[in-house]
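Participant: Got a predicted model here, sequence first, then my questions.
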Amino acid sequence: GAGVSQSPRYKVAKRGQDVALRCDPISGHVSLFWYQQALGQGPEFLTYFQNEAQLDKSGLPSDRFFAERPEGSVSTLKIQRTQQEDSAVYLCASSSGTGDYGYTFGSGTRLTVV
Amino acid sequence: AQSVTQLGSHVSVSEGALVLLRCNYSSSVPPYLFWYVQYPNQGLQLLLKYTTGATLVKGINGFEAEFKKSETSFHLTKPSAHMSDAAEYFCAVINNFNKFYFGSGTKLNVKP
């Protein structure tokens, strides 16, 4: 597609519920990133994929967070047993990986845990 | 280690006035530096980036930034603010592994 598409745009979850957030990167982009943006803060790195390989997951805040990109295109960020502190905007970004550092961000998914 | 500090969480200017948003970085490797803009309920849009070459970088919407290694700064400027420039601006540095480190953001308010 023309841009990075994220769905849903908004998600309200009850505490303890599992959620899945989807990211459709730009077609052909090998690199994919997930960031978490808490209210009033800058985005913070969660995880990075190159094709289907998850090369860095050092930013995932707990073992309740899990990300996958099984076919090297669409990625899903899953949060199990959501907590109130998980409320944030989750941003996905992709790049061609050619070294031009041309990253395109999606509009994000705003997760509210009640 | 990489980090970014943005001075001033809120900046207010009059329409037509100079915009100056400050960014200082810390990087253990030659930095690649970025400015992004975020409008309400939207994702991040790239304004400009410095990777190598000319230290004065021109971006979209009339913005520019200058990489000053001696001052570890990458301040964003625009000669004349427009109402449409009201948004939140993020400075970021990237490490060798393509991981962005963002500042905490500066909200720009433009007064008529």
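Facilitator: Happy to help now that I have it.
Participant: which element follows the helix or strand bottoming out on mean pLDDT in chain A toward the C-terminus?
Facilitator: Using mean pLDDT, DSSP states H and E, the weakest-scoring helix or strand in chain A turns out to be strand A:104-105, at a mean of 91. Downstream of strand A:104-105, the first helix or strand assigned by DSSP states H and E is strand A:109-113.
Participant: what does that next one rub up against?
Facilitator: A:6-15, A:17, A:19, A:21, A:79, A:82-90, B:41 (CB atoms under 8 Å, 6 or more residues apart in numbering or on different chains). (C-beta placed from N, C-alpha, C; glycine too.)
Participant: My guess is B:N96 contacts B:V29. True?
Facilitator: Yes: between B:N96 and B:V29 there is a contact under CB atoms under 8 Å: 6.1 Å.
Participant: Whichever residue of chain B sits closest to chain A bridge partners, please.
Facilitator: Closest contact between chain B and chain A, by CB to the nearest CB, is at B:F102 (3.4 Å). Applying DSSP bridges to B:F102 gives these bridge partners: B:A92.
Participant: where in chain B is pLDDT low?
Facilitator: For chain B, applying pLDDT under 70 flags the ranges B:97.
Participant: and the residue nearest to the spatial centre of it, what is it in contact with?
Facilitator: The centroid of chain B falls nearest to B:W35 when counting by CA atoms, centre = their mean (3.6 Å). By CB under 8 Å, 6+ apart, the residues touching B:W35 are B:21, B:23, B:46-49, B:59, B:63, B:65, B:74, B:76, B:89-92.
Participant: That one: which element?
Facilitator: Element membership for B:W35 (DSSP H and E) is strand B:32-38.
Participant: ok, now which ones touch B:S73?
Facilitator: Going by CB under 8 Å, 6+ apart, B:S73 touches B:R22, B:C23, B:N24, B:Y25, B:E66, B:F67.
Participant: between those residues, which is closest to A:Q50?
Facilitator: B:Y25 (25.0 Å; CB to CB).
Participant: how about A:Q17, what does it touch?
Facilitator: Residues near A:Q17 by CB under 8 Å, 6+ apart: A:R81, A:T82, A:V113.
Participant: is it possible to export those to CSV including neighbour count?
Facilitator: Listed next are the contacts of A:Q17 as CSV, based on neighbours: other CB atoms under 10 Å in any protein chain shown:
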residue, neighbour count
A:R81, 11
A:T82, 21
A:V113, 19
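Participant: Reformat those as CSV; add pLDDT.
Facilitator: Below are those laid out as CSV (pLDDT from 0 to 100):
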residue, pLDDT
A:R81, 98
A:T82, 98
A:V113, 98
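Participant: coming back round to it: from the contacts of strand A:109-113, list just the buried residues.
Facilitator: Neighbour-count burial (16 or more other CB atoms under 10 Å in any protein chain shown) applied to the contacts of strand A:109-113 gives A:Q6, A:K11, A:A13, A:V19, A:L21, A:I79, A:T82, A:D86, A:S87, A:A88, A:V89, A:Y90.
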